[in-house]
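Engineer: Structure for the following, please:
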Amino acid sequence: QVQLVESGGGLVQPGGSLRLSCVASGFTFRYYIMNWYRQAPGKERELVATITSDGSTTSYADSVKGRFTISRDNAKNTVDLQMNSLKPEDTAVYYCNVRRIGTMYWGQGTQVTVSS
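Structural biologist: Purely as a prediction, here's the structure:
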């Protein structure tokens, strides 16, 4: 079955950096668009970044553009999110996501807290 396992979250000061990683299994990773979402307390889950199956094209929410970078390694079945210049409003649970045959799959999430 599809499994997505995120790691790399934590507590960081404003202006700091974190790198999130997601390991995927149970499907042919290299064929699928991958996404990172986040959900802050009391807010809806929002799409943060997307990467195409071959990694050639990426897109970002306006709120993170220029600060976050999504990348993937199809040999390792991983998708990463490099987050720089973090702000308190980036505090959220971050989720790795794939849509496969009309079904959205999610990891368990990793908490990112940006606070001094």
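
Engineer: Determine the number of other residues adjacent to the closest residue in space to S7 that isn't next to it in sequence.
Structural biologist: Here the nearest residue to S7 in space, its sequence neighbours aside, is S21; by CB to CB, 6 or more residues apart in numbering that works out to 5.3 Å. C-betas here are computed from N, CA, C, even on glycine. By other CB atoms under 10 Å, 18 other residues sit near S21.

Engineer: so S21 touches E6, yeah?
Structural biologist: Yes - in this structure, S21 sits in contact with E6. The criterion is CB atoms under 8 Å, and the distance is 7.1 Å.

Engineer: Where do the strands of the chain begin and end?
Structural biologist: In the chain, strands defined by DSSP state E lie at 3-7, 10-12, 18-25, 34-39, 46-51, 58-60, 68-73, 78-83, 92-100, 103-106, 110-114, listed in chain order.

Engineer: relative to strand 92-100, how tilted is the fifth one?
Structural biologist: Meaning strand 46-51. Strand 46-51 runs at 50 degrees relative to strand 92-100, counting by axes from the mean of the first three to the mean of the last three CA atoms, to 10 degrees.

Engineer: give the contact list for the residue nearest to S7.
Structural biologist: Going by CB atoms under 8 Å, 6 or more residues apart in numbering, S21 touches 6-8, 78-81.

Engineer: ranking the residues you listed by neighbours, who comes first?
Structural biologist: Neighbours here are counted as other CB under 10 Å. On that basis the top member of these is V79, with 28 neighbours.
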